[in-house]
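In: next come a sequence and a model predicted from it.
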Amino acid sequence: MALKLPFGFHKRQKSAKDVTAKDLQHIAQSAYSRGTTSVRDIISPSGLIVKPNYLQLGETFTKTMFVYNYPRFLNTNWLSPVINFDVTIDISMFVYPQDTAEVLRKLERQTGRLESTRQIEREKGLVRDPQLDVALQDIDEMRDALTQGNNRLFHFALYFTISSKSKEELEEISNQLESALGGTLIYTKQSTLQMEQGFNSTLPIGHDELGVLRNLDTGSLSTTFPFTSAELTEDKGILYGLNRHNDSLILFDRFDLENANSIVLAKAGGGKSFAVKLEALRYLMLGTDIIIVDPENEYERLAEAVGGTFLNISLSSPQRINPFDLPKIEDERGEDEDVLKSNIATLSSLIRIMVGGVSPEEDGIIDTALRETYALKDITEDPSTHKNEPPILGDFVSVLQNIRGSESLIQRLTKYTEGSFAGLFNQPTNFELKGGFVVFSVRDLEESLRPIAMFVILNYVWSVIRGKLKRRLMIVDEAWWMMQYEDSAKFLQGLAKRARKYYFGLTIISQDIEDFLENKYGKPIVSNSSMQLLLKQSSSSIERVAETFNLTEQEKYLLLNANVGEGLFFAGQNHVAIKIIASYTENQIITSDPKELLAMRSSGVK
């Protein structure tokens with residue numbers, strides 16, 4: 001019986017009886033390996049077609065480009081726009097250190113040639129060549145830096161391999177890349193007739209088969225590092241969502257910014273309340289106190305789920321806030337003597353809103369009456385008197401009755417002390433703001449009372465915040481209610497400006513974007529918010545949003561066509577496209593979608 005051996009096995013003639021057990025094992029292993037799937041089989045394309053100006057891998061078309069010329073000066077992170085290109089692109093860099101001694105010898109010879117050229121031109125009476133002078137100056141500076149050890153010279157190669165599903169799209173992407181780099185005086189060429197070598201040069205194997213090298217010193221080379229990308233990922237903070245550019249996680253702590261203020265703008269149904277609830281829930285887990293002004297009872301379920309406090313501010317509710325309360329300062333920050341003055345200024349703004357505007361004479365009367373009202377309770381600028389029982393609105397009206405010219409003010413304030421709105425702002429505060437999760441609801445108030453109530457709530461919360469330093473977030477939903485009145489809008493702007501000092505972050509939410517931004521206090525609030533979240537926008541407001549946030553045409557298109565919970569996330573100088581994501585449990589707690597709420601109620605979930 002003849003034994004058939006594989007090709008190449010016969011290094012010497014063997015008969016069947018000379019074949020050992022080891023040879024038979026090798027034959028069996030070779031036969032088995034030919035029938036198994038290797039890593040090479042898995043990662044290799046179905047076919048490879050090499051053309052002069054592109055390369056086809058299966059159904060994917062690729063093209064490699066190389067940089068052949070750089071400008072005189074390179075800016076830091078000049079490669080960042082290319083790295084953040086929203087296309088599939090592989091980038092390879094090859095850095096070859098050069099021997100300093102050899103470089104110095106070459107530079108010395110080059111200096112001699114250029115000096116000779118300049119001398120010949122002088123003898124011929126030619127006009128001075130500025131390019132020659134610049135070249136000599138650059139060489140002298142390089143020689144000095146190399147000699148002192150402050151610099152080194154490198155050969156540097158930079159290649160880009162772009163991929164696409166069609167040749168037409170591939171050509172379009174290559175033109176965009178060439179234009180983007182050409183705008184910074186960095187010129188590229190396609191590796192025509194060397195597409196395979198170019199493709200191999202951008203594989204993660206470290207082989208430079210193109211060899212298109214340029215000289216760069218240490219400073220110029222450093223401008224290509226680090227590889228920046230559109231991402232906002234930190235070692236601490238909360239998860240805001242997915243980065244739609246590269247599917248990385250947006251992990252961020254807003255208290256690490258220059259201020260912790262945030263503004264959320266979106267059309268109705270864009271997902272703004274969902275995003276803010278999710279943020280509040282996750283910051284609560286980090287020990288941050290959350291305070292919410294809720295005009296539509298959207299946060300009631302969330303407050304119940306986390307064991308928080310839900311306070312319904314209405315004419316029939318038992319909770320009352322006295323706007324004349326003074327903050328109790330526990331942390332010494334040298335501001336006690338300003339507390340009374342500050343509160344009188346705030347109360348003046350509140351009363352102007354309550355009475356629907358005042359004349360200059362009435363404004364002076366209000367200021368005088370407020371001081372006398374506190375004086376009746378023996379409260380002065382002396383901090384020791386601030387512990388006395390504060391007055392109420394009725395005391396203020398009583399003082400007005402003894403001041404000539406205040407008749408109109410008294411008539412307009414009577415409804416808050418004796419009329420249909422009596423008791424709401426005319427009683428002592430009967431609760432204490434505790435830590436954790438606190439929601440103030442104003443849904444059950446008349447529309448005319450909502451801005452007043454929101455102002456009173458914010459002032460009360462601000463007094464508590466000033467009293468004790470602690471990490472807090474305050475959320476003002478539907479802030480356009482307060483932006484209708486100049487005094488309340490100005491108060492909101494003041495909170496945004498002063499929040500950082502008190503370890504406090506203000507979150508403003510609004511769906512009436514144009515009204516908010518057109519208000520003279522709206523844009524300053526945006527400017528004092530280091531974090532902004534723009535979700536789906538309407539076509540009627542997109543131009544104003546684009547002007548305010550300096551959006552590109554592509555970013556405008558993204559906001560117009562975004563799905564619920566998608567948009568742009570700004571944090572300081574960085575911004576990325578975001579997709580808000582929540583776990584199943586989080587979604588059950590914070591959803592306000594009527595369909596989902598009805599489905600949960602029908603299944604017995606509260």
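Out: Looks like it arrived, so ask away. Numbering: from 1, shown residues only.

In: what about the stretch 101-250 of the chain, any weak spots by pLDDT?
Out: Where the stretch 101-250 of the chain drops to pLDDT under 70, the residues are 226-232.

In: er, the chain I mean
Out: 1-19, 226-232, 330-337, 603-606.

In: grab the longest helix from it for me.
Out: helix 100-123 (DSSP state H).

In: C-terminal to that helix, what's the next element?
Out: Downstream of helix 100-123, the first helix or strand assigned by DSSP states H and E is helix 130-148.

In: can you list contacts of that next one?
Out: 100, 103-104, 107-108, 110-111, 114-115, 117-118, 121, 151-153, 217 (CB atoms under 8 Å, 6 or more residues apart in numbering). Glycine gets a C-beta too; all of them are placed from N, C-alpha and C.

In: derive a ChimeraX selection command for the buried subset of those residues.
Out: To isolate the buried subset of those in ChimeraX, counting by 16 or more other CB atoms under 10 Å, use the following:
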select :103,107,114,118,151,152,153,217
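
In: check the contacts of helix 130-148 and tell me the two furthest apart.
Out: Glu121 and Arg152 (32.7 Å; CB to CB).

In: what about the spatially closest residue to Lys341 that is not a sequence neighbour, how many residues nearby?
Out: Using CB to CB, 6 or more residues apart in numbering and skipping residues adjacent in sequence, the residue nearest Lys341 is Glu381, 7.2 Å away. Other residues near Glu381 number 14, with proximity taken as other CB atoms under 10 Å.

In: again with Gly58
Out: Neighbours of Gly58 (other CB under 10 Å): 11.

In: please report how far it lies from Ile49.
Out: Gly58 sits 9 Å away from Ile49, going by CB to CB, to the nearest Å.

In: how is this protein carved up into domains?
Out: For the chain, automatic domain parsing gives the domain ranges 1-44, 48-222, 323-428.

In: out of those, which is closest to Gln537?
Out: Here domain 48-222 is closest among the domains of the chain (CB to CB), at 19.9 Å.

In: and the end-to-end length of the closest one?
Out: 37 Å (CA to CA, to the nearest Å).

In: with stretch 287-304 instead?
Out: End-to-end for stretch 287-304, by CA to CA: 17 Å.

In: distance between it and the chain's centre?
Out: Centroid separation for stretch 287-304 versus its chain: 23 Å, with CA atoms, centre = their mean, to the nearest Å.

In: how about stretch 119-133?
Out: 55 Å.

In: now swap in stretch 193-200 and tell me
Out: Offset of stretch 193-200 from its chain centre (CA atoms, centre = their mean): 39 Å.

In: over to stretch 114-121?
Out: 56 Å.

In: same question, stretch 84-96
Out: 25 Å.

In: before we move on, what about stretch 359-376?
Out: 45 Å.

In: please, where are all the strands along the stretch 401-550 of the chain?
Out: 437-441, 472-476, 504-510, 531-534 (DSSP state E, counting those that start in this stretch).

In: partner strands of the first one, parallel or antiparallel?
Out: It refers to strand 437-441. Here strand 437-441 is paired, per DSSP bridges, with strand 289-294 (parallel), strand 309-312 (parallel).

In: mean neighbour count, those: which tops it?
Out: strand 289-294 (a mean of 25; mean count of other CB atoms under 10 Å).

In: need the CA coordinates for it. PDB is fine.
Out: Extracted in PDB, the C-alpha atoms of strand 289-294 (Å, rounded to 0.1, in the frame of the first residue of the first chain):
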ATOM      1  CA  ASP A 289     -29.200  68.600  46.600                       C
ATOM      2  CA  ILE A 290     -31.800  69.200  43.800                       C
ATOM      3  CA  ILE A 291     -34.300  72.000  44.000                       C
ATOM      4  CA  ILE A 292     -36.900  72.300  41.200                       C
ATOM      5  CA  VAL A 293     -39.500  74.900  40.300                       C
ATOM      6  CA  ASP A 294     -42.100  72.900  38.400                       C
END
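
In: how about the residue nearest to Lys341, phi and psi?
Out: Glu381 has phi and psi values of phi -70, psi -10 when expressed as degrees, to the nearest 10.

In: correct me, but it touches Asn343?
Out: No. Glu381 sits out of contact with Asn343 when judged by CB atoms under 8 Å, with a separation of 11.0 Å.

In: give the contact list for the nearest residue to Ser540 once chain neighbours are set aside.
Out: Nearest residue to Ser540, sequence neighbours excluded (CB to CB, 6+ apart): Glu514, at 7.4 Å. Neighbouring residues of Glu514 by CB under 8 Å, 6+ apart: 540-541, 544.

In: identify the bridge partners of the closest residue to Val476 other than its chain neighbours.
Out: Leaving aside its sequence neighbours, Val476 sits nearest to Val293 (CB to CB, 6+ apart; 4.9 Å). Legend: beta-bridge partners of Val293 under DSSP bridges are Phe440, Val476.

In: next up, the contacts around Val293.
Out: 440, 442, 454, 457-458, 474-477.

In: out of those residues, which one sits closest to Ser359?
Out: Taking these together and measuring to Ser359 by CB to CB, the closest member is Met454, at 25.3 Å.

In: surely Gln532 meets Asn261?
Out: No. Using CB under 8 Å, Gln532 makes no contact with Asn261, being 9.4 Å away.

In: higher neighbour count, the two?
Out: Neighbour count, other CB under 10 Å: between Gln532 and Asn261, Asn261 has more, with 27 against 20.

In: what comes into contact with the helix or strand containing Glu169?
Out: Per DSSP H and E: Glu169 is located in helix 167-182. With contacts defined as CB under 8 Å, 6+ apart, helix 167-182 is touched by 54, 61-63, 65, 67, 81-82, 85, 87, 89, 160, 162-164, 187-188, 190.

In: swap in stretch 200-207?
Out: Applying CB under 8 Å, 6+ apart, the contact partners of stretch 200-207 are 64, 90-92, 94, 157, 159-161, 208-210.

In: which two in the contacts of Val293 are spaced the farthest apart?
Out: So, the contacts of Val293 by CB to CB: farthest apart are Val442 and Met474, at 14.5 Å.

In: of these two, who's got more company?
Out: Neighbour count, other CB under 10 Å: between Val442 and Met474, Val442 has more, with 26 against 23.

In: residue contacts, that one?
Out: 293-295, 313-314, 449-450, 453-454, 457.

In: quick one: it from Leu55, how far?
Out: 65 Å.

In: how about Phe85?
Out: Phe85 is 19 Å from Leu55, by CB to CB.

In: same check on Asp23?
Out: 43 Å.

In: between these two, who's got more neighbours?
Out: Leu55 (21 against 14).

In: now that one: how far from Leu48?
Out: 7 Å.

In: what of Leu533?
Out: 46 Å.

In: so which of these two has more stuff around it?
Out: Leu533 (27 against 12).

In: show the contacting residues for the residue lying closest to the more buried one once chain neighbours are set aside.
Out: Leaving aside its chain neighbours, Leu533 sits nearest to Val264 (4.6 Å; criterion: CB to CB, 6+ apart). Contact analysis of Val264 by CB under 8 Å, 6+ apart lists 272, 275-276, 507-510, 532-533, 535.

In: switch to 7 Å and redo it
Out: 272, 275-276, 507, 509, 533 (CB atoms under 7 Å, 6 or more residues apart in numbering).

In: picking up where we left off before, quick check: the residue nearest to Lys341 touching Ser342?
Out: No. Using CB atoms under 7 Å, Glu381 is not in contact with Ser342, being 10.9 Å away.

In: how about the helices of the stretch 201-350 of the chain, start to end?
Out: Counting by DSSP state H, counting those that start in this stretch, the stretch 201-350 of the chain has helices at residues 218-222, 272-285, 300-305, 339-355.

In: which one of the ones you listed is the most hemmed in?
Out: Comparing the helices of the stretch 201-350 of the chain by mean count of other CB under 10 Å gives helix 272-285 as most buried, with a mean of 21.
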